[in-house]
Every structure is written in structure tokens, then in C-alpha cells.
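requesting a structural model of the entry that follows:
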Amino acid sequence: MIGIYERSLCQSYASAYRAGIKIGEAETREDALKQVEAMTEDSYQCFAVDDDGTCIDLTGTFPGCLAGVMA
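Below is the predicted model of the structure:
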């Protein structure tokens, strides 16, 4: 299951993930990206985290961006 998280513009992915602001879930990366796109506004950003710790947002996919945080 891919979790979808909210973060403020000043937060890193890791700090937002640690804060646990989970706002949704998706079965596939494609569905996760659709949800992220639908929920992203100027005032905040959403991103998805795959089971392997890969972050997915509107600018791309970032493998291992939560290394050490998920352990």
C-alpha cells in the first residue's frame, strides 16, 4: 500500500513522514500520483511513499529519500 502524505513547503519529505500527516492511500504508483496531483495546491504539497521508501511527487520519483527514517 502506498501512503500519501501532506507537507508544508518548508518541510522535508523525512520530517513530514515522521510527523505522520497521512491523508490517503493508493494501490499503485499511478493512482498515488493522481491523488497527489488532485490534492496539491499552492499552499502545501502532497507526496506518496511506496513500501520501499520511494517518494513520489509531481516532479518525479526519489528512491531512498527516506533512508534511515523508515528503519
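
and the helices in this structure, which stretches?
Counting by DSSP state H, the segments of the chain that form helices are 13-19, 29-39.

would you turn those helices into a markdown table with mean pLDDT and distance to Gly64?
Every C-beta, even on glycine, is put in place using the N, C-alpha and C of the backbone. Converted to a markdown table, the helices of the chain look like this (pLDDT from 0 to 100; distance: least, CB to CB, whole Å):
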| stretch | mean pLDDT | distance to Gly64 |
| --- | --- | --- |
| helix 13-19 | 92 | 11 |
| helix 29-39 | 93 | 16 |
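
and Met1, which of these is closest to it?
Minimum separation from Met1 across the helices of the chain (CB to CB) falls at helix 29-39, 9.7 Å.

now for that closest one, which elements pack on it?
Using 3 or more CB pairs under 8 Å, 6 or more residues apart in numbering; DSSP states H and E as the contact criterion, the neighbours of helix 29-39 among helices and strands are strand 2-7, strand 22-26, strand 45-49, strand 55-57.

need those strands in TSV with mean neighbour count and mean pLDDT, can you?
What follows is these, written out as TSV (neighbours: other CB atoms under 10 Å; pLDDT from 0 to 100):
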stretch	mean neighbour count	mean pLDDT
strand 2-7	20	94
strand 22-26	15	95
strand 45-49	22	92
strand 55-57	21	93
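
TSV for those, including distance to Ala32?
Written out in TSV, the entries for those read as follows (distance: least, CB to CB, whole Å):
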stretch	distance to Ala32
strand 2-7	4
strand 22-26	4
strand 45-49	4
strand 55-57	6
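
out of those, which gets nearest to Lys34?
The closest approach between Lys34 and any of these, judged by CB to CB, belongs to strand 22-26 at 7.8 Å.

quickly note the distance from the residue nearest to Ala16 when sequence neighbours are not counted to Gly60.
Residue nearest to Ala16 in three dimensions, not counting chain neighbours: Arg7, with 3.3 Å by CB to CB, 6 or more residues apart in numbering. Taking CB to CB, to the nearest Å as the measure, Arg7 falls 16 Å from Gly60.
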